[in-house]
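J.: Got a sequence here, can you model it:
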Amino acid sequence: MQCEQKIISQINCVAELNQQMRTEDARYLELLTRLRNGKSTIEDYQLLCTRVIGAPNSKISLQQEPWNEAPILVFRNTLRTRLNARAVLNKALRRESDRLRKAILELPDNKTEHLPGYLPLVPGMLVLLTENIATELGLSNGTRGIFRQLVYDEFCEYVQFDVAVFPKHTKFITRPKYALVEFSSCKLASGLKDLEKQIVPISLTEQTFTFDIKDLHTETVSKAAKVVKRPMKIVIKRKAHPLILAYSITTHKSQGQTLRKIFVDLVTPPGLVEVASVYVPLSRVKRLDDLLIVRPFNFSSLQVKPTEAQMEELNRLNKIAIKTRKHFLTT
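T.: Presented below is the predicted three-dimensional model:
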């Protein structure tokens, strides 16, 4: 973080973007502007309350398009993992087929360099790229797509899975080759050979992460390991598809994206709350009608003001932007 701050402090040329390109709803844009500056009003709060699920006079069906495929934006990876697991199981049960494919292990992907051990796959489900595959083609970290098919080696290998977690007809794949994913934002001029347009094969990638095994040992073994100074962490190399489920995504991961419809929870978790915590999810859509709030929330969620350090940085960048405009207007 200190290194990033030092790099940012070296910026001496700023182009200030004043025109809002995402938001089409003028009233909603005014709300977002006040929220960004920590000046939300009670009227803003009341307006957002009209988008809480179950609000009076709401006639929205969550089981039909476009809301049945809208991602749920949450603040914590643990909740995201649970919601994604529930969503894919529900989708698998609705299909009543044996095309659900899984890989290994159950650690949250934020602890495994974003390569999940269990990657539940059902054709038609939403996924998110976790690596830059081809940024020039619009295939970068955070790009959303639709999983279509998994290509793999048929190989019989005895691996013990937690079968109680998965549907009855789950098929476990331990040697995948590549996943066929449809990306609507892909900029390929034409389809790849033998594939429909916007269908892209996503191959395996390799990451290394550590896992603390001390909790798996008895107290006696742990004490013995300390005595002989034996490390209790193991290094794991994992090959998997750089994909995660996209039925629920963290607000952090949603930054920079424009989403068609979203659900958002404005009840912030315990701990430090910043302006960006609420502003980021609310600003992912073009109009107020494009979001639904999952439960009632307090006005205090909209009253968070920028910190002194944030205001100093914004003022510093604003001054540089003014100098930049003057420089290019006179040259």
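
J.: Pretty sure T258 sits against R284.
T.: Yes: T258 is within contact range of R284, at 6.6 Å (criterion: C-beta atoms under 8 Å). For the C-beta atoms, the positions are set from N, CA and C on the backbone; glycine is no exception.

J.: The nearest residue to L302 once chain neighbours are set aside: what's it in contact with?
T.: Once flanking residues are discounted, L302 sits nearest to S40: 3.7 Å by C-beta to C-beta, 6 or more residues apart in numbering. By C-beta atoms under 8 Å, 6 or more residues apart in numbering, the contact list for S40 reads 31, 34, 299, 302-303.

J.: Tell me the spacing between N315 and V74.
T.: To V74, N315 is 32 Å away according to C-beta to C-beta, to the nearest Å.

J.: T258 and R284: who's more crowded?
T.: R284 (23 against 13; other C-beta atoms under 10 Å).

J.: nearest residue to that one other than its sequence neighbours?
T.: L259 (4.6 Å).

J.: V267 too?
T.: Excluding the flanking residues, the one nearest V267 by C-beta to C-beta, 6+ apart is F297, at 4.9 Å.

J.: And for I133?
T.: That would be L139: by C-beta to C-beta, 6+ apart, it lies 4.1 Å from I133.

J.: now E274
T.: E274 sits nearest to V304 (C-beta to C-beta, 6+ apart), 6.6 Å away.

J.: any idea how far P66 is from A26?
T.: A26 is 22 Å from P66, by C-beta to C-beta.

J.: Quick one: residues contacting the residue nearest to R284.
T.: Going by C-beta under 8 Å, 6+ apart, the list of residues near L259 reads 70-71, 284-285, 290.

J.: now the protein, which segments are flagged as low pLDDT?
T.: Scanning the chain with the threshold set as pLDDT under 70 gives 1, 89-106, 155-165, 191, 213-234, 273, 275-276, 331.

J.: Looks to me like N12 is in a strand.
T.: No: applying DSSP: H, G, I helix; E, B strand; the rest coil, one finds N12 to be coil, outside a strand.

J.: Helix, strand, or coil at the residue lying closest to it once chain neighbours are set aside?
T.: Using C-beta to C-beta, 6+ apart and skipping the chain neighbours, the partner closest in space to N12 is I320 (6.4 Å). Under three-state DSSP, I320 falls in the helix class.

J.: Any idea how many residues pack against I320?
T.: I320, neighbours per other C-beta under 10 Å, totals 16.

J.: didn't it look like it was pressed against V14?
T.: Yes: contact status for I320 versus V14: in contact at 4.2 Å, counting by C-beta under 8 Å.

J.: sorry, back to before: ok, the residue nearest to N12 - contacts?
T.: I320 neighbours (C-beta under 8 Å, 6+ apart): 11-14.

J.: and L62, what is it in contact with?
T.: Listed by C-beta under 8 Å, 6+ apart, the contact set of L62 reads 53, 68, 292.

J.: before we move on, what SS does it have?
T.: coil.

J.: how close does V74 get to F263?
T.: Taking C-beta to C-beta, one finds V74 at 9 Å from F263.

J.: Next: F299.
T.: Distance from F299 to F263, by C-beta to C-beta: 20 Å.

J.: Please say which of these two ends up with more neighbours.
T.: Using other C-beta under 10 Å as the criterion, F299 and F263 rank with F263 on top: 21 against 14.
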